[in-house]
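J.: Sequence first, then the predicted structure, then my questions.
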Amino acid sequence: MQLSQRAQSIKPSSTLAVTARAKQLRAEGVDILSFAAGEPDFDTPEPIKQALVAALKEGMTKYQPVPGDPETRRVIAEKLTRENEIPGVTPDHVVISTGGKQSLYLTFQCLLDPPADGDPPQEVLLPTPGWVTYAPQIELAGGQVVELPTGAAEGFKISPDQLEKAITPRSRAVVFNSPSNPCGTMYTPEEIEALARVITDASDRAPDLVVVSDEIYERIVYGGFPFKSFASCPGMAERTITVNGLAKAFSMTGWRVGYLGASGDAGLQFAKAVGRLQSQMTSNITSFCLPAVRVAIQECSEDATRMCEAFARRSKLIYGLVSELPGLLCPKPTGAFYVFPDVSAHFGKTTKGGARVDSAASFAAALLDEEHVAVVPGEDFLGCGERCVRLSFACSDDQIRSGIERIGGFLESLS
Ligand code: GLU
């Protein structure tokens with residue numbers, strides 16, 4: 001069977017691959033300490049589960065409108081309006097999809113075209129390091145990734161000047177993810193406003209430029225300053241697609257519930273296009289999840305806060321321990337549940353098992369083989385990620401202590 005070029009060229013998600021490998025080794029009886037999975041280690045709050053069970057028992061097992069039932073979209077539109085302060089969002093501007101990942105996929109498919117013969121490709125500005133899935137999704141839609149590189153010294157954040165210089169008439173989108181996976185840092189409201197001004201000021205030069213704001217970590221913030229939605233900045237609502245989901249805030253990774261919200265006339269056309277595309281892909285999300293979405297958003301805010309407090313506490317613990325390890329550099333985490341240390345000071349060394357460490361991938365592989373600690377190598381996050389590894393601290397304090405101790409032993413044994 002001949003595979004398409006598309007199928008041949010697509011790489012598997014490295015975050016999911018490392019997570020699956022760690023789970024498999026654990027199932028085989030290996031004493032694995034995994035910092036791989038980007039998923040909260042809490043159970044889904046009980047009222048959310050109950051709402052699903054009730055809906056299932058009541059027979060909510062048939063097709064629903066493709067973007068989700070009107071009542072659930074109304075709840076999401078109200079959340080985006082009240083909590084996120086985004087003007088111009090109605091239920092018709094909301095599409096519920098099978099995870100934030102599908103919302104992003106649909107977004108890029110509806111914003112980008114592959115270049116016609118002889119034309120230059122449409123550009124998507126991507127701050128890097130950035131989540132492993134953005135670049136493949138952009139490329140699948142025919143866009144060209146233009147990296148905006150960042151480093152640990154500036155908290156992995158782009159500057160307004162850097163953004164301004166990267167914008168061209170071919171710029172179609174900027175991907176924005178604050179708090180960031182994998183960096184564990186986030187932008188202040190003032191920094192977001194400054195970036196928004198660059199985009200509104202560039203509207204003559206790049207009239208088709210929109211922001212794709214992935215706000216999946218909005219509830220996990222602990223840096224001492226508030227979260228801000230990009231679309232709430234002056235002039236940005238109609239130029240921003242806000243993507244979110246329930247996975248991280250309510251510990252619902254396996255449920256696969258994401259959504260996007262747009263605004264105004266342009267946003268309405270966009271949401272309709274996303275709905276048309278979804279109608280040819282997956283239709284509505286699992287019907288009996290929809291009432292549970294409403295319960296999560298309307299009734300489980302305290303659960304989200306409780307989980308955030310645990311992540312905040314763990315962030316201090318892991319940052320303190322990682323900072324004491326020789327040669328590892330990373331900024332203090334302020335959001336999400338990741339640290340992303342630069343480990344390149346150890347490149348060129350050899351492990352006690354004889355493995356050569358000359359990249360993030362070989363560092364992570366040797367750490368897994370020899371110390372049974374799973375981390376995600378940073379190459380697929382792009383940019384300076386090739387010098388970093390990602391540790392998710394969505395795990396217990398005990399595991400954090402034992403895991404960092406093993407990493408410390410690993411580093412000491414390198415020669
Ligand atoms: N977003 C999570 C992570 O980065 C889940 C895995 C994935 O979808 O990439 O680990």
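T.: Done, it's in.

J.: which residue sits closest to residue 85, ignoring its sequence neighbours?
T.: Spatially, and ignoring its direct neighbours in sequence, residue 85 is nearest to residue 232 (4.1 Å; C-beta to C-beta, 6 or more residues apart in numbering). C-beta here means a position set from N, CA and C on the backbone, and glycine is covered the same way.

J.: for the one you found, what are its contacts?
T.: 84-86 (C-beta atoms under 8 Å, 6 or more residues apart in numbering).

J.: again with residue 203
T.: Residue 203 makes contacts with residue 209, as judged by C-beta under 8 Å, 6+ apart.

J.: ok but it is inside a strand, no?
T.: No: assessed by DSSP: H, G, I helix; E, B strand; the rest coil, residue 203 does not belong to a strand; its assignment is coil.

J.: I'd like to know how far it sits from the ligand.
T.: 32 Å (C-beta to the nearest ligand atom, to the nearest Å).

J.: Also residue 26?
T.: 17 Å.

J.: That residue: how many residues sit nearby?
T.: Neighbours of residue 26 under the rule other C-beta atoms under 10 Å: 15.

J.: Nearest residue to it in space, please, no chain neighbours.
T.: residue 32 (4.6 Å).

J.: my guess is the one you found contacts residue 20, does it?
T.: No: between residue 32 and residue 20 no contact is recorded; they are 12.0 Å apart, counting by C-beta atoms under 8 Å.

J.: residues from this protein in reach of the ligand?
T.: 13, 15-16, 37-38, 101, 131-133, 181 (C-beta under 6 Å from any ligand atom).

J.: returning to what we had before: which one of the contacts of residue 232 has the most neighbours?
T.: Of these, with other C-beta under 10 Å as the count, residue 86 tops at 26 neighbours.

J.: Name the residues of stretch 156-166 that come out as buried.
T.: 156-158, 160, 162-163, 166 (16 or more other C-beta atoms under 10 Å).

J.: Could you do stretch 345-363 as well?
T.: 346-347, 349, 351, 355, 357, 359-361, 363.

J.: next one: stretch 184-199
T.: In stretch 184-199, counting by 16+ other C-beta under 10 Å, buried: 184-188, 191-199.

J.: Phi and psi next, for residue 173.
T.: When read as degrees, to the nearest 10, the backbone of residue 173 gives phi -160, psi 150.

J.: Can you spell out which residues form a bridge with it?
T.: Bridge pairing for residue 173 (DSSP bridges) gives the partners residue 124, residue 210.

J.: Number of residues surrounding it?
T.: 24.

J.: all helices in the stretch 1-150 of the chain, in order from the N-terminus.
T.: Ranges of helices within the stretch 1-150 of the chain are 5-9, 14-27, 46-57, 70-82, 100-111, 134-140, based on DSSP state H, counting those that start in this stretch.

J.: outside of the shortest one, which residues touch it?
T.: I take that to be helix 5-9. For helix 5-9, the external contacting residues (C-beta under 8 Å, 6+ apart) are residue 140.
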